[in-house]
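1. The following block contains a protein sequence and its predicted model.
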Amino acid sequence: DAGVTQSPTHLIKTRGQQVTLRCSPISGHKSVSWYQQVLGQGPQFIFQYYEKEERGRGNFPDRFSARQFPNYSSELNVNALLLGDSALYLCASSLGGTGGWETQYFGPGTRLLVL
Amino acid sequence: AQTVTQSQPEMSVQEAETVTLSCTYDTSESDYYLFWYKQPPSRQMILVIRQEAYKQQNATENRFSVNFQKAAKSFSLKISDSQLGDAAMYFCAYRSAVLGQFYFGTGTSLTVIP
């Protein structure tokens, strides 16, 4: 079975631009979470979606938004890019939307560089 | 808010030896889960081991085991018989029993010396 896939793998943008990152979860998984990993840091939670509804939101500005589609794939959008948005963006999928024991499976990430 | 602290930015271990990575966390919740994830240079995060807070018995997965001290809010990872493939960044993570989001530490970079 295919794991979590993300596209693109790398992206270069300039300040002020907008970017859309995509994630396809493992087949059968209905929950997708997004994380930002700045170089040298641990991942920071951005969003969680389950059954197309937002289940959780981290401490990120409104420039960050996301959505989940009927096939459970997801997009993360970032508007008005800042230099500080340069990071590895990780997507993780899991079976359900509950917390706790359920394992999240991570994708390889999208490396975003903002110039 | 929950915080996870990994005080060892870098660790090294001789091949076949044992190494322990430290993690402490802060929470007011009584029910939660703790995880160790491994991130090799290829970047994909892989689950190593997980522990339920209400279980006193320490989790074990082959060469990987944890020392969970709930009162001290400590959750260390022991890697026995270290192998070259164990070299990676290791992240400790906390997850509420209610909410889905993870809180990650800043990571420990493990080097395995042949």
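-> Nice, thanks for sending it over.

2. for A:G84, helix, strand, or coil?
-> At A:G84 the chain is in helix, as set by DSSP: H, G, I helix; E, B strand; the rest coil.

3. That one: neighbour count?
-> For A:G84, the count of nearby residues is 9 (other Cβ atoms under 10 Å in any protein chain shown). In short, each C-beta sits where N, CA and C put it, glycine included.

4. Same check on A:Q17?
-> When neighbours are counted by other Cβ under 10 Å, A:Q17 registers 13.

5. show me the contacts for it.
-> A:81, A:114 (Cβ atoms under 8 Å, 6 or more residues apart in numbering or on different chains).

6. and it, what helix or strand is that in?
-> Secondary structure assigned from DSSP states H and E places A:Q17 in neither a helix nor a strand.

7. distance of it from A:G56?
-> Distance, A:Q17 to A:G56, by Cβ to Cβ, to the nearest Å: 27 Å.

8. what do you get for A:S24?
-> The gap separating A:S24 from A:G56 is 20 Å, by Cβ to Cβ.

9. okay, the two: which has more neighbours?
-> More crowded of A:S24 and A:G56, by other Cβ under 10 Å: A:S24, with 21 against 17.

10. okay, the closest residue to chain B within chain A: pLDDT?
-> Closest approach of chain A to chain B (Cβ to the nearest Cβ) occurs at A:G42, with a separation of 3.3 Å. pLDDT, A:G42: 91.

11. Identify the residues contacting it.
-> By Cβ under 8 Å, 6+ apart, the contact set of A:G42 is B:4, B:6, B:91, B:93, B:104-107.
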